[in-house]
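> Take a look and give me a structure for this.
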Amino acid sequence: MEVLEIIKTGLGASLQDLGRRGWKRFGVPPSGVMDPHAAAWANRLVGNPESAPVLELLMQGAEFHVLKTRRFAVAGAEAGAVVPAWCARTLEAGERLAFPRNQSGLWTYLAVEGGFAGECLLGSVSAYPRGGIGRDLMSGDRLGANGEATGARIGDAWVYWSERRNYADPPPMRVWPGPQWEGFDGMERAGFFSADWEVSNRSDRVGYRLEGARMNAPAGELRSEPVLVGSIQVPPNGQPIVTMRDGPTVGGYPKIGIVDGESLSWLAQCRPGVRFRMVCAQ
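Modelled structure (predicted):
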């Protein structure tokens with residue numbers, strides 16, 4: 001059953017779920033939502049399992065036409081929609097749902113009661129256009145939902161205050177020692193945790209480039225090895241890169257650390273200009 005028509009995709013829109021597992025040995029990254037915390041709350045607000053597909057929107061500009069009366073929820077980055085972030089509301093057929101102006105964070109999640117329907121490839125509906133799996137959404141696309149509307153709830157529903165995040169003021173990012181941790185000089189490791197960092201505007205779903213102190217990587221050649229999502233690699237230019245959901249599955253740069261999963265959802269929402277620090281998780 002079609003529930004939404006895309007009028008404008010804004011800076012980017014794709015269907016994502018919790019991603020695909022077990023394909024990294026074939027070079028297929030997990031993909032999936034950039035901020036699992038926000039996506040999970042969007043789904044909970046409309047009674048979906050956390051694994052239900054959601055619409056992931058980048059910053060602002062997306063606009064939709066509601067085709068069928070349904071309950072929708074928005075979580076993550078605030079972008080000025082009639083359904084505010086961290087809220088669920090029933091929208092009537094014919095209403096417009098626009099996300100005109102990003103106010104904080106990067107990724108907004110739109111969930112619909114029943115979950116968005118999408119083609120499942122390798123165990124997931126998550127789009128990974130770079131690898132030819134799925135595609136970015138386009139104006140004119142119509143999106144379906146699974147199941148029928150229950151009509152069980154009428155009024156607005158909100159996420160607890162304690163679970164709503166202020167992306168302009170992130171906490172220190174917890175980092176576990178990476179495979180080459182011991183190879184970095186002690187001064188380099190200390191400097192990594194004492195520096196202020198911010199995400200470069202040359203970042204995407206593949207990797208977040210960090211701007212801050214220049215780091216010196218250990219000397220010597222390193223053979224390519226498996227890379228986890230959250231790995232912090234230090235290339236020769238000394239500016240670390242954090243592997244994100246669509247990132248490569250192998251890499252040959254020294255890895256000083258791995259961002260803890262909970263912190264990675266915070267990091268995903270850091271816009272350029274938002275400063276944060278790293279803290280050792282050990």
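> And H65, how close does it get to A79?
17 Å (CB to CB, to the nearest Å). C-beta here means a position set from N, CA and C on the backbone, and glycine is covered the same way.
> who's more crowded, those two?
A79 (25 against 15; other CB atoms under 10 Å).
> L91 versus the more buried one, what's the distance?
Counting by CB to CB, the gap from A79 to L91 is 16 Å.
> Average pLDDT for whichever strand or helix holds R174, rounded please.
Here R174 sits within strand 173-177, counting by DSSP states H and E. Per-residue pLDDT over strand 173-177 has a mean of 97.
> partner strands of that strand, parallel or antiparallel?
strand 255-259 (antiparallel), strand 278-280 (parallel) (DSSP bridges).
> Give the next helix or strand downstream of the first one.
Toward the C-terminus, strand 255-259 is succeeded by helix 261-268 as the next helix or strand (DSSP H and E).
> Mind checking the pLDDT average for the helix or strand that the strand holding R174 is followed by?
Next in sequence after strand 173-177, counting helices and strands by DSSP H and E, comes helix 186-194. When pLDDT is averaged along helix 186-194, the result is 94.
> Same question for stretch 206-219.
92.
> Could I get the CA-only coordinates of that stretch as PDB?
C-alpha atoms of stretch 206-219 as PDB (Å, rounded to 0.1, in the frame of the first residue of the first chain):
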ATOM      1  CA  VAL A 206      31.700   6.000   3.500                       C
ATOM      2  CA  GLY A 207      33.900   7.800   6.000                       C
ATOM      3  CA  TYR A 208      34.100  10.900   8.200                       C
ATOM      4  CA  ARG A 209      37.300  12.800   7.900                       C
ATOM      5  CA  LEU A 210      38.400  14.400  11.200                       C
ATOM      6  CA  GLU A 211      40.100  17.900  11.400                       C
ATOM      7  CA  GLY A 212      42.200  18.700  14.400                       C
ATOM      8  CA  ALA A 213      45.700  17.800  15.400                       C
ATOM      9  CA  ARG A 214      48.000  16.300  12.700                       C
ATOM     10  CA  MET A 215      49.000  12.800  13.700                       C
ATOM     11  CA  ASN A 216      52.200  10.900  12.800                       C
ATOM     12  CA  ALA A 217      51.400   7.300  11.800                       C
ATOM     13  CA  PRO A 218      53.900   4.500  12.700                       C
ATOM     14  CA  ALA A 219      56.600   4.000  10.100                       C
END
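> What residues sit buried inside it?
Neighbour-count burial for stretch 206-219 flags G207, Y208, R209, L210, E211, G212, M215, A217 (criterion: 16 or more other CB atoms under 10 Å).
> and the first one, what is it in contact with?
Contacts were defined as CB atoms under 8 Å, 6 or more residues apart in numbering; by that measure G207 touches I241, V242, T243, M244, G247.
> Out of those residues, which is nearest to R70?
Closest approach to R70 among the contacts of G207 (CB to CB): M244, at 30.6 Å.
> you'd agree the closest one is up against Y208?
Yes: using CB atoms under 8 Å, M244 is in contact with Y208, at 5.9 Å.
> So for the two, which residues contact both of them?
Contacts common to M244 and Y208, judged by CB under 8 Å, 6+ apart, are A268.
> The buried residues of stretch 206-219 into a markdown table, with extra columns for distance to W158?
Compiled in a markdown table, the buried residues of stretch 206-219 are given as follows (distance: CB to CB, whole Å):
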| residue | distance to W158 |
| --- | --- |
| G207 | 34 |
| Y208 | 30 |
| R209 | 35 |
| L210 | 34 |
| E211 | 35 |
| G212 | 36 |
| M215 | 42 |
| A217 | 46 |
